[in-house]
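*Asks:* Requesting a structural model of the entry that follows:
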Amino acid sequence: MDPHLLRTFVTVAGRRSFSDAAIELGYTQSAVSQQIAALEADLGLALLHRRPVAPTRAGERLLEHAGPLLLRHRAARADVLRAAAGPAGLLAVAASPLACAPAIVRSLSPGGLGGVRVELRTVARERVAGEVASGAAGLGLVDGIAAPSDPLRLPDVGPLSGFGVAEEELVVVLPAGHPLSHRRGLDLADLTDALWLRAPVAVPVERLRELAGGGGFRAAFRYDGEDVRTVLNLAAAGHGLVLLPASAAAGAATGVPLNSPRVVHRVEALYAETAGPAAALAAQLRQPPSSTPPGTSASGS
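*Replies:* As a prediction, the model looks like this:
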């Protein structure tokens, strides 16, 4: 399938409009219609209902494949361009918010990179691998929950190299005076009936259910921002429990270590270049994953 036709199909299906898709893509509406017709002719299937515009059953199935296919296409293009490109003056680093622990940020030193400047930007954790694979970033830092020393489960977006940068324990952040606030440790299975805070930087309630092997874990409050201090303030005010790495919860009113299941907060570095600034910075970051003592920052202070 022609990736250009596939991109047009995804845009029309997302916009539910040929005219809106034409504006977004910079084509005429006639050109968009011709591209959709060409894709349908190639597959021998109708992919879109026209009035109203909506994917057919075959179109819905194609949409499931389209995102990964287009990302792999961009990743392949970026890989070829990286191989042919000379030294650049800027290295973009894409990081999920909780991957930016103090010790890791201090390691993002331009020293040894031949004068290349480092630019750090935060993106949602599910986007980090795609940013690196597509060439939008030279190096990625992504965080998640895993068993000790186990790699994170990341999307297959292309040939990326990766390694663990840091691991630390998780704590349950509770409001002061909570009945469980004086515990020395907590089991996740005992917290299924508690109300939880839903936030992009927190462990999702769906992941909590998976870790506990059951249901429960109702979301009491939703916060769509990425400011960790706001998350801590919401938890302290009683808007829901939250599971965070110990360094992120440092200074919280009450953070009780998670005893069971035995999982840790892990940060991994991802890169595609085998040489150049991204590979050099990866070498600076490469070290055995380090554990952070309870209640301390990742810098050990």
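*Asks:* buried residues in stretch 164-174?
*Replies:* 164-174 (16 or more other C-beta atoms under 10 Å). Quick note: C-beta positions are derived from backbone N, CA and C, even for glycine.
*Asks:* any chance you could map the helices in the stretch 51-200 of the chain?
*Replies:* For the stretch 51-200 of the chain, applying DSSP state H, counting those that start in this stretch gives helices covering 57-84, 102-107, 128-133.
*Asks:* Repeat that for the stretch 201-301 of the chain.
*Replies:* 205-212, 228-236, 277-285.
*Asks:* what's the burial count for Ser260?
*Replies:* 13 (other C-beta atoms under 10 Å).
*Asks:* which non-adjacent residue is nearest it?
*Replies:* Spatially, and ignoring its direct neighbours in sequence, Ser260 is nearest to Asp187 (4.3 Å; C-beta to C-beta, 6 or more residues apart in numbering).
*Asks:* Neighbours of that neighbour, how many?
*Replies:* Residues contacting Asp187 under the criterion other C-beta under 10 Å number 13.
*Asks:* List the residues that contact it.
*Replies:* By C-beta atoms under 8 Å, 6 or more residues apart in numbering, the contact set of Asp187 is 258-260.
*Asks:* Quick check: pLDDT value at it.
*Replies:* Listed pLDDT for Asp187 reads 94.
*Asks:* Could you measure from it over to Thr122?
*Replies:* Separation of Asp187 from Thr122 (C-beta to C-beta, to the nearest Å) stands at 32 Å.
*Asks:* so which of the helices of the stretch 201-301 of the chain gets nearest Arg51?
*Replies:* For those, proximity to Arg51 was assessed by C-beta to C-beta; helix 205-212 is nearest, at 36.6 Å.
*Asks:* For the closest one, name the packing helices and strands.
*Replies:* strand 195-198 (3 or more C-beta pairs under 8 Å, 6 or more residues apart in numbering; DSSP states H and E).
*Asks:* Which stretch among the helices of the stretch 51-200 of the chain is buried most, on average?
*Replies:* helix 128-133 (a mean of 26; mean count of other C-beta atoms under 10 Å).
*Asks:* mind saving the C-alpha coords of that one as CSV?
*Replies:* C-alpha atoms of helix 128-133 as CSV (Å, rounded to 0.1, in the frame of the first residue of the first chain):
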residue,chain,number,x,y,z
VAL,A,128,8.8,8.7,23.3
ALA,A,129,9.8,5.6,21.2
GLY,A,130,8.0,7.0,18.2
GLU,A,131,9.7,10.4,18.5
VAL,A,132,13.1,8.6,18.4
ALA,A,133,12.2,6.2,15.6
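*Asks:* List the contacts of the residue nearest to the spatial centre of the chain.
*Replies:* Per C-alpha atoms, centre = their mean, the C-alpha nearest to the average position across the chain is that of Arg125, at 1.4 Å. Residues in contact with Arg125 (C-beta under 8 Å, 6+ apart) are 96-99, 142-144.
*Asks:* Fine, thanks again, bye for now.
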